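Asks: Need a 3D model of the sequence below.
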Amino acid sequence: MKPCIPCNSKPNPCLNFHYFLLLLSLTSTTLCSSQSPTLILPLKTQEISSGSFPKSPNKLPFHHNVTLTVSVTVGTPPQNVSMVIDTGSELSWLNCNRTRNFTFDPTRSSSYKPIPCSSPTCTTRTRDLSIPASCDSNKLCHATLTYADFSSSEGSLAADSFSIGSSSGTSGLVFGCMDSIFDPNSEEDSKNTGLMGMNRGSLSFVSQMEFPKFSYCISESDFSGVLLLGDANFSWVAPLNYTPLIQISTPLPYFDRVAYTVQLEGIKVANKLLPIAKSDFEPDHTGAGQTMVDSGTQFTFLLGPVYTALRTEFLNQTAHILRVYEDPNFVFQGAMDLCYRVWLNQSKLPQLPSVTLMFRGAEMKVTGKQLLYRVRGEVRGNDSLWCFTFGNSDLLGVEAFVIGHHHQQNVWMEFDLHNSRIGLAEVQCDLAGQKFGLTV
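Replies: Numbering: from 1, shown residues only. This is a model prediction of the structure:
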């Protein structure tokens, strides 16, 4: 999930997602390599009831999210906490408000160390946070974090010992000890003690733990899968195609420098390359137009001109096999305006043209039921509604291309921080856990 970034006069380039959970169970496997231990954890999704969210007759709310939750021990003696793994965030944090359940109590940890606001950690390493760190009345480093789902947390930076899975503890990890937390979301989210930032910022968990890479694989069939923290090579994983991460050293108002940004260069529908100039995929002088790979986003969103070209061609190629839902007032999630009527008793969708996202050096091919999403609770006569799983970023006020997890299913996703690249390979993700001997 991407943190909210203040945007002056432009709309806030933030998405609001809360719908699915990816859950990591307590069991794990550790592989030893010549570099550092590799942690492998089973992955499973849990769907939150759509009745938890408000809904109007025509425009459905934009409440979808994927979160990875993992059990961690923090402090001395260790306290058990549950943290949401967020690839769109940098600073990890724990709920230190003792008036709430599921908290971390810093007074019970002899290794807990608050960070003063004069520390280099506070003055220099917090530069990529969306809201600059400040100094509180006790001269401690104060952090305020806001997120796209309107939740927020506020508190002091500190350091303590963290252990994950069967690994030994790592001391001195910097995190936010938050005593003020606002979360408008579901009860499931409130059960998490905190958040584990996984982006490329210097304060993210993967950066501080010095993992050279991490990977995940989400199944299309049963929503199981695997999360791997560390460096390991497996002969059964198909050769990865790599696309480099885009880095811009100059701060730009609409470019997230610590996001997993790649270069989208083209899109094909079936075998037809869309007539889109490469410049339409490139960030402009303000940084608007970057392409982010984000597991915290459910679907994929494209900037207006690119989305329009894709929508038009997909419409043309499906004109004789799908019935368009003709209602200009119906926009799924506020950005997905291409929907179809499908018979309620229809057992499967017709053969659909694939959509291939062409990155620099790699491709992501979206096929079959990943192209259409059934809108739960929406029935028109004897028809259910299915919407195209690509949306228009412009309708959300988002100045970016965002590649969501729905289109990452059955793809081994490797985030190689050491070599600044992302690797992709088609994999049967429901078998990945079996290969590692894990049970969900």
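Asks: Check the gap between the closest residue in space to I164 that isn't next to it in sequence and R380 for me.
Replies: Closest residue in space to I164, ignoring its immediate chain neighbours: V72 at 5.1 Å, by C-beta to C-beta, 6 or more residues apart in numbering. All C-beta atoms are positioned from the backbone trio N, CA, C, and that covers glycine. Counting by C-beta to C-beta, to the nearest Å, the gap from V72 to R380 is 46 Å.
Asks: Those two: who's more crowded?
Replies: V72 (23 against 13; other C-beta atoms under 10 Å).
Asks: packing partners for the helix or strand encompassing that one?
Replies: According to DSSP states H and E, V72 maps onto strand 68-74. When contacts are defined as 3 or more C-beta pairs under 8 Å, 6 or more residues apart in numbering; DSSP states H and E, strand 68-74 packs onto strand 20-24, strand 79-86, strand 152-164.
Asks: and the second one, which residues are buried?
Replies: So the one you mean is strand 79-86. For strand 79-86, the neighbour count (16 or more other C-beta atoms under 10 Å) marks 79, 81-86 as buried.
Asks: Could you list the paired strands of that strand along with their orientation?
Replies: Strand pairing for strand 79-86, using DSSP bridges, gives strand 68-74 (antiparallel), strand 194-197 (parallel).
Asks: D383 and L344 touch, don't they?
Replies: Yes: D383 is within contact range of L344, at 6.5 Å (criterion: C-beta atoms under 8 Å).
Asks: ok, those two, which is more surrounded?
Replies: Neighbour comparison, D383 and L344: the larger count goes to D383, with 16 against 11 (by other C-beta under 10 Å).
Asks: Distance check, the more buried one against F330.
Replies: 13 Å.
Asks: quick revisit: least reliable of the strands paired with strand 79-86 by average pLDDT, please.
Replies: Lowest mean pLDDT of those: strand 68-74, a mean of 77.
Asks: Alpha carbons only: can I get it in PDB?
Replies: C-alpha atoms of strand 68-74 as PDB (Å, rounded to 0.1, in the frame of the first residue of the first chain):
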ATOM      1  CA  LEU A  68       1.000 -10.000   4.200                       C
ATOM      2  CA  THR A  69       1.000 -10.600   8.000                       C
ATOM      3  CA  VAL A  70       3.900 -12.300   9.800                       C
ATOM      4  CA  SER A  71       4.500 -13.200  13.400                       C
ATOM      5  CA  VAL A  72       7.600 -11.600  14.900                       C
ATOM      6  CA  THR A  73       9.200 -11.400  18.300                       C
ATOM      7  CA  VAL A  74      10.500  -8.000  19.500                       C
END
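Asks: tilt between that strand and strand 152-164?
Replies: 70 degrees (axes from the mean of the first three to the mean of the last three C-alpha atoms, to 10 degrees).
Asks: start at 139 instead
Replies: In the new numbering, first residue 139, that becomes strand 206-212.
Asks: tell me how far strand 206-212 is from the chain's mean position?
Replies: In this view, strand 206-212 has its centroid 17 Å away from the chain centroid, taken as C-alpha atoms, centre = their mean, to the nearest Å.
Asks: any low-confidence regions in the chain?
Replies: The chain contains residues with pLDDT under 70 at 139-175, 179-207, 238-240, 285-289, 303-305, 320-330, 359-363, 370-374, 571-572, 574-578.
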